[in-house]
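# Fold the following, please.
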Amino acid sequence: TLSTKKTAGEIQKESRGGFSDGARDSFAGAGVGIDGGQIVYLLDGGKLGTLKFPSFWFENTSQGKFMLSIAFGQSKYYVDNLSENTKRGLRQKVRRGEYPGPAPIGYINDVRSKSIVVDKRRASIVVSAFQLYAKGNQRLENIALFLKNEGITTKSGKQLTKDQVKRMLSNPFYYGHFKYLGEVHEGKHKAIVSKKLFDDVQATLTRRGRPQKSKTEPQIFCGLLACASCSMSITAEHKIKRQKNGNVHEYVYYRCTKKRKDFKCVEPAVTEADLTEQLQDTLDDFAMPEAWASKMQAMLTRDEKTADENASVFVSDAQTRLANLQSKLQRLLDGYLDQHIDQKTYRTKQAELMSEKKSLEEQVSKLTLAGSSWIEPMRAWINLAVSLRETAKNAESSAIKEALLKIEGLNLFLKSKKAQPAAAPNISPLLINPWFALRATKEKTAHSRRNSDFVPNLVRERGLEPPRR
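Next comes the predicted model:
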């Protein structure tokens, strides 16, 4: 009785369900709205004779088609009602701070408690991947290879793709939040990555976000300098010189990309050897003498005893800001519910406020646990400043670049084949950059020593030295 192009088995498979309670679930997933109308249309056109199923059957009559339409309506109601109940349950789960989906890498779905818990075997590997990429000298392919070597692959055993690694490194789930329907929510699961490390990884992703046009390895100092004339980036060129006697020499030149259309840049290129030497000198300018470091360490030891009182002020301020952020989030939600702002604006602003709130919560947590938490970063900064001299002396290009990137506010420009740091910003003394303050102090001390050595020699040479008593 079936006169369509499909086989009887296919028609029966598509149409089964919706006509009995036991088969309704299968039929509900077939898109009964459009498919039901098509079946009735085929019955009206005579392309379908009768529809017979194991539990029920219909004849091609007005009464049969009427009963068929009722069955389709029941199936449509079941699908819509099931969809509403499912969405309601998911929204309730999100409000409780539970992510309604499969656990990302580093977590597992606990079927007993129906929650997401930390995968003790893979969590440390994921944290290592974040720390490795945050250094800035690794590509997404390197992270994928690292994960494969540690046993993290796809279900088929293949290496993760670059997009999969990027999604993992951009997932806020790892620091305690999660995204659902484009909105950021605060989760109840345990965070395995700190917010600061996550922000460092995002900064690295942004800096290295532009794809390379070629498959060649990037030169070490790319991304470190800018052109002083046109402010464009500095790129590298690999040149090979072949002599007639068969000798082959390879050179690396750093020059301006000259991508600015309204400006003709004439800055010359500089060899990698000369640039490395200049960067060594720049790094040495910011190195701290060991004698100064010893005195500062002693001062830190004394200040550590009274740091708890100062930390309480910061904690109080941060708690006030947290309360303000929570109030802003509530007002933002009220404005969205009252239709004063659109959905796109709400989601964008809500994600910003949630991110800022998480950063403040981490700061409050650290200061609450240790009121003198600023002491250790200060000691680390002093140790880093002292180590710059040794780094500059070893002349390893990767170590020099990594050290220069750690100097906050250091904007290097290439002008007349010279790498020059930008002048320190003229801001309040309370907010002065410690690196530029250190360099200025070294220059001032060296100038004073030169003058003190020059004046006595000049006096003695002219015979003006006063008599000793």
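# Could you use CA atoms for every contact and neighbour count after this?
Noted.
# where exactly do the strands run in the stretch 201-350 of the chain?
Remark: strands assigned in the stretch 201-350 of the chain by DSSP state E, counting those that start in this stretch are 225-227, 234-242, 248-256, 270-271.
# Over to the stretch 351-469 of the chain?
412-415, 418-421.
# Just put these in CSV and tack on mean pLDDT.
CSV is the format used below for the strands of the stretch 351-469 of the chain (pLDDT from 0 to 100):
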stretch, mean pLDDT
strand 412-415, 86
strand 418-421, 84
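# any weak-confidence spans in the stretch 151-300 of the chain?
210-218 (pLDDT under 70).
# That one: helices as residue ranges?
162-169, 195-207, 272-285, 290-303 (DSSP state H, counting those that start in this stretch).
# which one of those helices lies closest to W435?
Nearest to W435, of all the helices of the stretch 151-300 of the chain, is helix 272-285, at 9.6 Å by CA to CA.
# hmm, back to that, any idea which of the strands of the stretch 201-350 of the chain gets closest to Y346?
Judging the strands of the stretch 201-350 of the chain by CA to CA, what sits closest to Y346 is strand 225-227, at 37.0 Å.
# which secondary structure elements does the closest one contact?
Counting contacts by 3 or more CA pairs under 8 Å, 6 or more residues apart in numbering; DSSP states H and E, strand 225-227 packs against strand 234-242, strand 412-415.
# And the contacts of the first one?
Right, the one you point to is strand 234-242. 219, 222-227, 248-257, 414 (CA atoms under 8 Å, 6 or more residues apart in numbering).
# for the last one, same thing?
Counting by CA under 8 Å, 6+ apart, the neighbours of strand 412-415 from elsewhere in the structure are 224-229, 234, 267, 419-422.
# related to what we said a few turns ago, ranking the strands of the stretch 351-469 of the chain by burial, who's on top?
Mean neighbour count, computed with mean count of other CA atoms under 10 Å, is highest for strand 412-415 among these, reaching a mean of 21.
# export the strands of the stretch 351-469 of the chain to CSV and tack on distance to P102?
As requested, the strands of the stretch 351-469 of the chain are exported to CSV (distance: least, CA to CA, whole Å):
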stretch, distance to P102
strand 412-415, 45
strand 418-421, 48
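# ok, back up a step: I'd like the strands of the stretch 201-350 of the chain as TSV, with mean neighbour count and distance to E356 appended.
Shown next, in TSV, are the strands of the stretch 201-350 of the chain (neighbours: other CA atoms under 10 Å; distance: least, CA to CA, whole Å):
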stretch	mean neighbour count	distance to E356
strand 225-227	23	30
strand 234-242	14	33
strand 248-256	16	37
strand 270-271	17	42
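# okay, those strands in TSV with distance to Q330 next?
Shown next, in TSV, are these (distance: least, CA to CA, whole Å):
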stretch	distance to Q330
strand 225-227	43
strand 234-242	46
strand 248-256	49
strand 270-271	56
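# now for those, which one comes closest to F146?
So among the strands of the stretch 201-350 of the chain, strand 234-242 is nearest, using CA to CA, at 27.7 Å.
# quick one: the closest one to chain centroid distance?
32 Å (CA atoms, centre = their mean, to the nearest Å).
# now that strand against strand 248-256, angle please.
160 degrees (axes from the mean of the first three to the mean of the last three CA atoms, to 10 degrees).
# Now do strand 234-242 and helix 272-285, the angle between them.
Going by the same axes, to 10 degrees, strand 234-242 makes 140 degrees with helix 272-285.
# Correct me if wrong: D284 contacts L388.
Yes. Counting by CA atoms under 8 Å, D284 does reach L388; the two are 6.4 Å apart.
# which of those two has more neighbours?
Of the pair D284 and L388, L388 is the one with more neighbours under other CA atoms under 10 Å, namely 24 against 20.
# re the thing from before, can you tell which of the strands of the stretch 201-350 of the chain is closest to F66?
strand 234-242 (74.1 Å).
# And for L205, the neighbour number?
L205: 19 neighbours (other CA under 10 Å).
# With F66 instead?
With other CA under 10 Å as criterion, F66 counts 14.
# Read off the pLDDT value for it.
Per-residue pLDDT puts F66 at 83.
# before we move on, what about the one 10 residues further on?
For K76, the model assigns a pLDDT of 85.
# Check the gap between it and L82 for me.
10 Å (CA to CA, to the nearest Å).
# the more surrounded of the two?
Neighbour totals were compared for K76 and L82, and K76 leads with 21 against 13 (other CA under 10 Å).
# Checking that one next. Helix, strand or coil?
Here K76 is helix, with the state taken from DSSP: H, G, I helix; E, B strand; the rest coil.
# so how far is I34 from it?
From K76 over to I34 (counting by CA to CA), the distance is 10 Å.
# likewise R260?
56 Å.
# now swap in I400 and tell me
66 Å.
# more crowded one of these two?
Set side by side, I400 and I34 give different neighbour counts by other CA under 10 Å, the larger being at I400 (22 against 9).
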